[in-house]
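Undergrad: below are the sequence and a predicted model; questions follow.
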Amino acid sequence: MTIATDVAALDIERIRTDFPALHQEAHGRPLVYLDNAATTQKPQAVIDAVSSFYERDCSNVHRGVHLLSQRATIAYEQARSTVKAHLGARDSREIVFTRSTTEGINLVASSFVRPRLGEGDEILISAMEHHSNIVPWQLLCEERGAVLRVISIDDNGDIILEEYEKLLSERTKIVALVHVSNALGTINPIRQMIKTAHSHGVPVLVDGAQAVPHLDVNVQELDCDFFVFSAHKVYGPTGIGALYGKREHLMEMVPYQGGGDMILSVSFEGSKFNEPPHRFEAGTPNIEGAIGLAAALDYVNRIGIDNISAHENGLLSAATDRVLAVPGVRLVGSARRRASVLGFVMEGVHPHDIGTILDSEGVAVRAGHHCAQPVMARYGVSATVRASFGLYNTTNEIDALVGGLTKVREVFG
Ligand SMILES: Cc1ncc(COP(=O)(O)O)c(C=O)c1O
């Protein structure tokens, strides 16, 4: 269980005025947006940053001598510095812009793990991974004749650490772990797990898609080898994310994709590749996305990630108690430490029916497998309902959620 905190510590009503999309009706009811783990709404500061790029600075980066290109390049590279500072990286050159968390994982699989993975080698993940931290490794294992090993989780949704230790061996070439589970909300003891992997000489990739919006992440403190996240889950634009990689790893990694900007010189006899991070950013990047991501991180930092965490923990704690009080509700995910995600099922009612009735009440939640089918299988369900909280959610919105669930109960008896 999470600890209840002072939900009133943030001026949520003021914060909500920053988010235009929150002020609309859904099916004639005020929108209650509780699908933040899928994607978050965007503050005006992010929308303005993206528009301003198109209104003023629209140009390609890195290769222009003219004013607009210089401005675009400065803004793009400043965005990299913002991400570096937010993640606590040592050097901006450790930050690679990607399309998303998914692309970051595929990049590491392709450029770091593939060259060092042989037949019989192993990749270690946990049983609570998102599909994007399963399928790239399955593809690679299939190609290389390697083996994907999975650390089990207990009934609450905590990783079984004793099993983790036992699965690490000299055959393990990488450990790829989710920091915060999108289906269960579990906050994994990632720092301790990284330390354990390193004691066996094994590098670790952290899927931080659900961590960056809710937790204070510092990659140097974690000492992870790679860390990936997506902007759209932390109030930024879609189609942009970032990969942090330790400089010594990035320096020795082969290119991910070929094209412009990732080269120093090209001839028909061969090409010389650019230094990281540009080596991994082939072609025209998502310039406005990077600028929007930086604006989102600036926004989060103005409010303060600790304030955001405290607010969300208060909401999660209150929502957990109140949703559990609805007859027939069972939690799926009750780990020791959770962030933002409340997953549940209701006896006798399919999650999609719950989602549809909630939607008719203006309450947006997610119903389904949340791209974590192995998690669903672990708990013997095909789907769950997931309410997930962001910095702008309120206790009134929990009332609306619980009101909607009470209606579901009435409809289904
Ligand atoms: C834990 C986790 N990992 C990875 C992803 C994939 O993120 P994206 O679709 O932005 O690549 C998600 C998205 O839901 C997620 O929650």
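TA: On my side now, so go ahead.
Undergrad: which stretches of the chain form helices?
TA: Ranges of helices in the chain, per DSSP state H, are 12-16, 44-52, 67-87, 101-108, 135-144, 161-167, 190-199, 219-222, 247-252, 287-303, 305-324, 351-360, 373-378, 395-412.
Undergrad: quick one: contacts of the first one?
TA: To tie it back to what came earlier, the one meant is helix 12-16. 22-23, 303, 311, 391-394 (CB atoms under 8 Å, 6 or more residues apart in numbering). Bear in mind the C-beta positions are built from the backbone N, C-alpha and C, glycine included.
Undergrad: grab the two from those that are most spread out in space.
TA: His23 and His311 (19.5 Å; CB to CB).
Undergrad: these two: which has the busier surroundings?
TA: The residue with more neighbours, out of His23 and His311, is His311; 26 against 10, by other CB atoms under 10 Å.
Undergrad: so what's the more buried one closest to, chain neighbours aside?
TA: Nearest non-adjacent residue to His311, counting by CB to CB, 6 or more residues apart in numbering: Leu10, 5.0 Å away.
Undergrad: how about the contacts made by the one you found?
TA: Leu10 makes contact with 303, 307-308, 311, 391, according to CB under 8 Å, 6+ apart.
Undergrad: and it, how far is that from Ser309?
TA: Distance, Leu10 to Ser309, by CB to CB, to the nearest Å: 11 Å.
Undergrad: ok, Ala211 to Leu87 distance?
TA: As for Ala211, its distance to Leu87 is 10 Å (criterion: CB to CB).
Undergrad: Gln257 now?
TA: From Gln257 across to Leu87, the span is 23 Å (CB to CB).
Undergrad: and this structure, which residues reach the ligand?
TA: The chain comes close to the ligand at residues 100-102, 130, 132-133, 178, 182, 207, 209-210, 230, 371, as judged by CB under 6 Å from any ligand atom.
Undergrad: of these, which belong to strands?
TA: Counting by DSSP state E, the part of the residues of the chain next to the ligand found in strands is 178, 207, 230.
Undergrad: same list (those) but as JSON lines, adding neighbour count and pLDDT.
TA: Output for those, formatted as JSON lines (neighbours: other CB atoms under 10 Å; pLDDT from 0 to 100):
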{"residue": "Val178", "neighbour count": "28", "pLDDT": "98"}
{"residue": "Asp207", "neighbour count": "29", "pLDDT": "98"}
{"residue": "Ser230", "neighbour count": "28", "pLDDT": "98"}
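Undergrad: tell me the one of the residues you listed nearest the ligand?
TA: The closest of these to the ligand turns out to be Ser230 (CB to the nearest ligand atom; 3.3 Å).
Undergrad: now the stretch 251-400 of the chain against the ligand: closest residue?
TA: Distances between the stretch 251-400 of the chain and the ligand by CB to the nearest ligand atom are smallest at Cys371, namely 5.9 Å.
Undergrad: ok, the nearest residue to that residue once chain neighbours are set aside - contacts?
TA: Counting by CB to CB, 6+ apart, Cys371 lies nearest to His131, which is 4.4 Å off, once chain neighbours are set aside. Contact analysis of His131 by CB under 8 Å, 6+ apart lists 371-373.
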